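**Student:** Here is a sequence with its predicted model. Questions after.
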Amino acid sequence: GENVEQHPSTLSVQEGDSAVIKCTYSDSASNYFPWYKQELGKRPQLIIDIRSNVGEKKDQRIAVTLNKTAKHFSLHITETQPEDSAVYFCAAHTRGGSNYKLTFGKGTLLTVNP
Amino acid sequence: GAVVSQHPSWVICKSGTSVKIECRSLDFQATTMFWYRQFPKQSLMLMATSNEGSKATYEQGVEKDKFLINHASLTLSTLTVTSAHPEDSSFYICSARDVVNPNYGYTFGSGTRLTVV
């Protein structure tokens, strides 16, 4: 089955700096890669996603890049703000048996220091 | 946009009792729903995938007789934790998939905090 590795597990940056979180996946058939932000006790919120036929996608301060050959994708947050502090999860959408499903990375705790 | 409602948001139960959690898609039909468990400071672990009108598919290591899943309609799936024990205490989150949604349709419920005492 699919295996998603995520690094780093914790990341601390100063307000205004950039933050980069990286993920690798194992199943070359995975075709959709969302990123979620989760605040304590809340549901995961989709912040950006990318399909396998696209190499890069940007939405204001957030961008995602995908390298299909190397099977890795990254989240880039620029001009970080304290409200960006949360746990971020990457995921890969793939077929598992007769169903499609999301496999999540272990998460990155991002702390933005004022 | 797609909305998924999950109830209850939190529940405390005694060891040995059963607890039912509901997951509803409010404005779309969800042929597939997913149930995740999340322990503190850990990732979301998929427990099972439920398809409307058929048996759920459980992930390896998840006891199907302990975690009963019913997906009787296109808008409702339920997870029943039977004979709950303290080690079942966790955050349970459902997700419903709207296949019409161009973003592959994964919408999450608000989660249920289960505490077994």
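**Tutor:** Here it is on my side, so go on.
**Student:** Check which helix or strand the residue most central in space within chain A maps to.
**Tutor:** The residue lying closest to the centre of chain A (C-alpha atoms, centre = their mean) is A:C90, at 3.3 Å. A:C90 belongs to strand A:86-96 when assigned by DSSP states H and E.
**Student:** which of the residues in that strand are buried?
**Tutor:** Buried positions in strand A:86-96, judged by neighbour count with 16 or more other C-beta atoms under 10 Å in any protein chain shown: A:86-94, A:96. Placement of C-beta: from N, CA and C, glycine included.
**Student:** Near chain B, list only the ones from those.
**Tutor:** For chain B, the contacts drawn from these by C-beta under 8 Å from any C-beta of the partner chain are A:89, A:93, A:96.
**Student:** So for stretch B:18-34, what gets flagged as buried?
**Tutor:** Across stretch B:18-34, burial judged by 16+ other C-beta under 10 Å covers B:19, B:21-25, B:28, B:30-34.
**Student:** about what we covered before: what's the following helix or strand after the strand holding A:C90?
**Tutor:** Using DSSP H and E, the first helix or strand after strand A:86-96 is strand A:99-104.
**Student:** Mind checking if that following strand is in reach of chain B?
**Tutor:** Yes. Contact of strand A:99-104 with chain B (C-beta under 8 Å from any C-beta) involves A:99-104.
**Student:** For these, could you give me a markdown table that also reports pLDDT and neighbour count?
**Tutor:** As requested, the residues of strand A:99-104 next to chain B are exported to a markdown table (pLDDT from 0 to 100; neighbours: other C-beta atoms under 10 Å in any protein chain shown):
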| residue | pLDDT | neighbour count |
| --- | --- | --- |
| A:N99 | 77 | 16 |
| A:Y100 | 84 | 19 |
| A:K101 | 89 | 22 |
| A:L102 | 92 | 26 |
| A:T103 | 94 | 22 |
| A:F104 | 96 | 23 |
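**Student:** Any chance of CSV for the residues you listed, columns distance to A:H72?
**Tutor:** Shown next, in CSV, are those (distance: C-beta to C-beta, whole Å):
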residue, distance to A:H72
A:N99, 25
A:Y100, 21
A:K101, 20
A:L102, 17
A:T103, 14
A:F104, 16
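**Student:** and which of those is nearest to A:D59?
**Tutor:** Using C-beta to C-beta, the shortest approach to A:D59 within those belongs to A:L102, at 19.8 Å.
**Student:** need the contact list for the residue nearest to the closest one when sequence neighbours are not counted.
**Tutor:** Nearest residue to A:L102 in three dimensions, chain neighbours excluded: A:A91, at 4.5 Å (C-beta to C-beta, 6 or more residues apart in numbering or on different chains). Shown in contact with A:A91 (C-beta atoms under 8 Å, 6 or more residues apart in numbering or on different chains): A:4, A:33-36, A:102-105.
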